[in-house]
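Asker: what shape does this take:
(one chain, ligands or ions: 2)
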Amino acid sequence: MNGYVQVYTGNGKGKTTASLGLAVRAAGAGLKVCIVQFMKQGDYSEIKSLLRFPNITVEQYGAGKFVRGNPSQEERASCARGYERLCQVLRDGNHDLVIAEEGNVAYMCGLFSEDQLLFLLDIKPDHVELVLTGRGAPQSLIDRADLVTEMKEVKHYYKKGVKARVGIEK
Ligand code: ATP
Ligand code: MG
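Answerer: Numbers count the residues shown, from 1 in each chain. Ligands and ions are numbered 1, 2, ... in the order given. The predicted structure follows:
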């Protein structure tokens, strides 16, 4: 089966959950899935759920709270390790679906360069499906991807002051 490059970006809700839904679907078909999650650390509820799937691996490379501000030194170091690991997973070609969760955000925060982001597409074996999520996908990535979905924010309760809730946003 040929693998493609998918990007879920935009300001609306659903980027991370779309990728998790795809992971669950892929696992149901017996595919091997690796999720490399940038900028996040800790007990996001999806991690707890995905532990039940023998063919889904999740690795987190973040330094605590999910922030889009100035990344700490710890965040930078963790992200750099995540990037190396992502490259390794892609090169190995042992997983059918590889998800760079919040990879676009890591790029946007300057944790790796545009060249490094696009390099992932260069090293992806033909059979591997690569999904990059997060707001702020650069135009160069959009140009090279095979599928791009922009989650458009029509309304979001965040604007009413509703912060991320356990089980719904985290
Ligand atoms: P989900 O994980 O529910 O699929 P998502 O991946 O599309 O959502 P992100 O952009 O990763 O959403 O948002 C992470 C968190 O940032 C949200 O859980 C929410 O608390 C907060 N957030 C959502 N929308 C906004 C916004 N417009 N501005 C600032 N923060 C937001
Ligand atoms: Mg997200």
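Asker: pLDDT score assigned to the residue nearest to the spatial centre of the chain?
Answerer: A centroid search over the chain (CA atoms, centre = their mean) returns residue 101, at 1.1 Å, as the residue closest to the centre. pLDDT, residue 101: 97.
Asker: give me the nearest residue to it, chain neighbours excluded.
Answerer: The shortest distance from residue 101 to any non-neighbouring residue, by CB to CB, 6 or more residues apart in numbering, is to residue 37 (4.1 Å). The C-beta positions use only the backbone N, C-alpha and C, and glycine is treated the same way.
Asker: do I have it right that that neighbour meets residue 103?
Answerer: No: applying CB atoms under 8 Å as the test, residue 37 and residue 103 come out as separate, 9.1 Å apart.
Asker: neighbour count for the two, which is higher?
Answerer: residue 103 (29 against 25; other CB atoms under 10 Å).
Asker: wait, doesn't the more buried one sit right on residue 117?
Answerer: Yes: using CB under 8 Å, residue 103 is in contact with residue 117, at 7.1 Å.
Asker: overlap in contacts, the two.
Answerer: Common contact partners of residue 103 and residue 117 (CB atoms under 8 Å, 6 or more residues apart in numbering): residue 132.
Asker: and the next helix or strand past the helix or strand harbouring residue 119?
Answerer: Here residue 119, judged by DSSP states H and E, is contained in helix 114-123. Using DSSP H and E, the helix or strand that directly follows helix 114-123 along the chain is strand 129-133.
Asker: partners of that following strand, with directions?
Answerer: Strand 129-133 pairs in its sheet with strand 5-9 (parallel), strand 97-101 (parallel), by DSSP bridges.
Asker: CA-only coordinates of it in CSV, if you can.
Answerer: Extracted in CSV, the C-alpha atoms of strand 129-133 (Å, rounded to 0.1, in the frame of the first residue of the first chain):
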residue,chain,number,x,y,z
GLU,A,129,1.7,7.2,5.8
LEU,A,130,3.0,10.4,7.5
VAL,A,131,0.6,12.8,9.3
LEU,A,132,1.6,16.2,10.7
THR,A,133,-0.8,18.0,13.0
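Asker: got the angle between it and helix 114-123?
Answerer: 160 degrees (axes from the mean of the first three to the mean of the last three CA atoms, to 10 degrees).
Asker: run the chain-centre distance for strand 129-133.
Answerer: Put simply, strand 129-133 sits 7 Å off its chain's centre (CA atoms, centre = their mean, to the nearest Å).
Asker: hmm, who's touching that strand?
Answerer: For strand 129-133, contacts defined as CB under 8 Å, 6+ apart pick out 3-9, 15-16, 18-19, 22, 26, 90, 96-104, 117, 120-121, 124, 141, 145.
Asker: since that was my last question, I'll sign off now.
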